[in-house]
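Chemist: my questions concern the predicted model and sequence given below.
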Amino acid sequence: MTRPIAAGVDGTPESLAALEWAAVEAGRRGTELRVAHVWEPRRVSGAEERSGSSDEQERWVRQGVEDSVRGLAERHPGLTVSTHIGRGEAPEGLLEASEGAGMLVLGSRGRGLFLGFLLGSVGRQVIAEAGLPVVLVRADVKDNGANGANGDDSGARGDKNAEAGAGAAGEIVVGQHGEPEDSAGTLRFAFETAAACGAPVRAVRAWALPPVFAYSPGSLRLLDEAGGPVPFERKALSTALAPWRERFPDVPVTEHVEMGSAGEVLLSASAGARLTVVGRRAHRSAVGSRLGSVADAVIHHAPCPVAVVPPGPAA
C-alpha cells in the first residue's frame, strides 16, 4: 500500500493511541501519515473574550495538533507526516481529510462509546459512509491488542500501548461470508496488513442451520454433494481464500469454520488478536446510516483494534 494513512486526532488518550498505531503502520508500509483534525469556532455565553476570537481558536487548534504529533519524528525516524486542519462538521471533515488515503484511523473507548469528535452518531456516520477502511483503536490496547490497561491511562501510556499492539505478535482475524466476491475487499485488507507486520491470518466463517423450510432442492443437493453443511462451509471458505493465499504466499493462514452467529464467533476468535477485520454492510434509514449487525457487535465488544472495510470490489 503506497497511499497515505490518515489519523484523526482530538487530544484524547484514545486519539493519541490511534495516532501512534497509525504511525507504526505507516512506517511499516513506507507511506505518509496524514494527521487530521476538524473543528468549529465556539462561543461561550456569547462572550468572545471568554472563548477567544476565531483566529485565536484556530491558533489553539493548530498548537494542539502540533502537540499531538510532537515526538513522532523521534519515535519513527524517516516517517513523513503531514497535517490537515479543517473547519466544519466532523464527519464531512474527516471524510474529506481521508480522501486518497488507504485507511482512516480513529480513537475509540470501546463498548460503542466515542470521544471527542466521535460523539454518538458522528462516529457511526464516519464508519458507515467512509469509502475506505476505518480502524478503531482504544487507549488501552495491549501487546496482543487485548483490553487490560486501567481506564485512567495517560496519553503517553496510550501511545506506548498502541505501538506495542501494532507491532506485537498476534493474529489478524478476518470475517468471511457469502460468495468469494462478498468478502474480497475485507480479505485483501487483512492479508495486506498481515504481510506488512508479519502476522498470521485467521479467516473465520460462521454458519447456522436455516429453518427446514428454507432448504430448496438445489441447496439440499449442494449440501449432499459436499458431504454435509460443515464440509460445504469449509470448501466455501477455502475457495474465498485461494486467490489471497496465492497473492500472499508468505502469510500463514488458519481456516476457522464454526457454527453460531457471526458476531459471537468473530468476537470469540478475536480474544487474542492484534486486529479484527470485518466487512461493512451499511444501510440507509430515516434516522441515518446504520451498520450491519456483525460490524456493530464487533465494534462494540472486540478487545482489540477493529478495522471496518466498506463493500466493493478488491483491486
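Modeler: In hand now; what should we look at?

Chemist: wouldn't residue 304 be in contact with residue 275 here?
Modeler: Yes. Here residue 304 reaches residue 275: they are 6.1 Å apart, a contact under C-beta atoms under 8 Å. Every C-beta, even on glycine, is put in place using the N, C-alpha and C of the backbone.

Chemist: count of neighbours near residue 191?
Modeler: By other C-beta atoms under 10 Å, 24 other residues sit near residue 191.

Chemist: now swap in the one 5 residues further on and tell me
Modeler: Here the number of neighbours of residue 196 (other C-beta under 10 Å) works out to 17.

Chemist: quick check: which element contains it?
Modeler: helix 184-197 (DSSP states H and E).

Chemist: again with residue 258
Modeler: Under the assignment here (DSSP H and E), residue 258 is part of strand 253-259.

Chemist: what residues sit buried inside that strand?
Modeler: For strand 253-259, the neighbour count (16 or more other C-beta atoms under 10 Å) marks 253, 256-258 as buried.

Chemist: shouldn't residue 261 be in contact with residue 177?
Modeler: No. Counting by C-beta under 8 Å, residue 261 does not reach residue 177; the two are 11.8 Å apart.

Chemist: follow-up on the earlier one: what comes into contact with whichever helix or strand comes after the strand holding residue 258?
Modeler: Downstream of strand 253-259, the next assigned helix or strand under DSSP H and E is helix 262-269. Residues from elsewhere that reach helix 262-269, judged by C-beta atoms under 8 Å, 6 or more residues apart in numbering: 173, 175, 177, 202, 204, 206, 256, 258, 276, 278, 293-294, 296-298, 301-302.

Chemist: buried residues, helix 262-269. List them.
Modeler: For helix 262-269, the buried set under the neighbour-count rule, 16+ other C-beta under 10 Å, comprises 262-263, 265-267, 269.

Chemist: next, residue 6: phi, psi?
Modeler: Per-residue torsions, residue 6: phi -100, psi 140 (degrees, to the nearest 10).

Chemist: contact partners for it?
Modeler: Residues near residue 6 by C-beta under 8 Å, 6+ apart: 22, 34-36, 84, 97-98, 101, 103-105.

Chemist: make it 10 Å
Modeler: Contact partners of residue 6, counting by C-beta atoms under 10 Å, 6 or more residues apart in numbering, are 22, 26, 32-36, 82, 84, 94-95, 97-106, 132, 134.

Chemist: show the buried residues in those.
Modeler: So, by 16+ other C-beta under 10 Å, the buried ones in these are 22, 26, 32-36, 84, 94-95, 97-98, 101-106, 132, 134.

Chemist: can you tell me which of these end up in strands?
Modeler: Taking DSSP state E, the ones among the buried ones among the contacts of residue 6 that sit in strands are 33-36, 84, 103-106, 134.

Chemist: in the protein, spot the helix with the most residues.
Modeler: helix 229-247 (DSSP state H).

Chemist: for the chain, what spans make up the helices?
Modeler: Assigned by DSSP H, the helices in the chain fall at 13-29, 48-51, 54-69, 72-75, 90-97, 121-129, 155-167, 184-197, 217-226, 229-247, 262-269, 293-301.

Chemist: shouldn't residue 309 be in contact with residue 295?
Modeler: Yes. With contact defined as C-beta atoms under 10 Å, residue 309 reaches residue 295; the gap is 9.1 Å.

Chemist: need the residues touching each of the two.
Modeler: By C-beta under 10 Å, 6+ apart, residue 309 and residue 295 have these common neighbours: 175, 278-280.

Chemist: make JSON lines out of those residues and add neighbour count.
Modeler: Converted to JSON lines, the shared contacts of residue 309 and residue 295 look like this (neighbours: other C-beta atoms under 10 Å):
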{"residue": "175", "neighbour count": "27"}
{"residue": "278", "neighbour count": "30"}
{"residue": "279", "neighbour count": "26"}
{"residue": "280", "neighbour count": "24"}
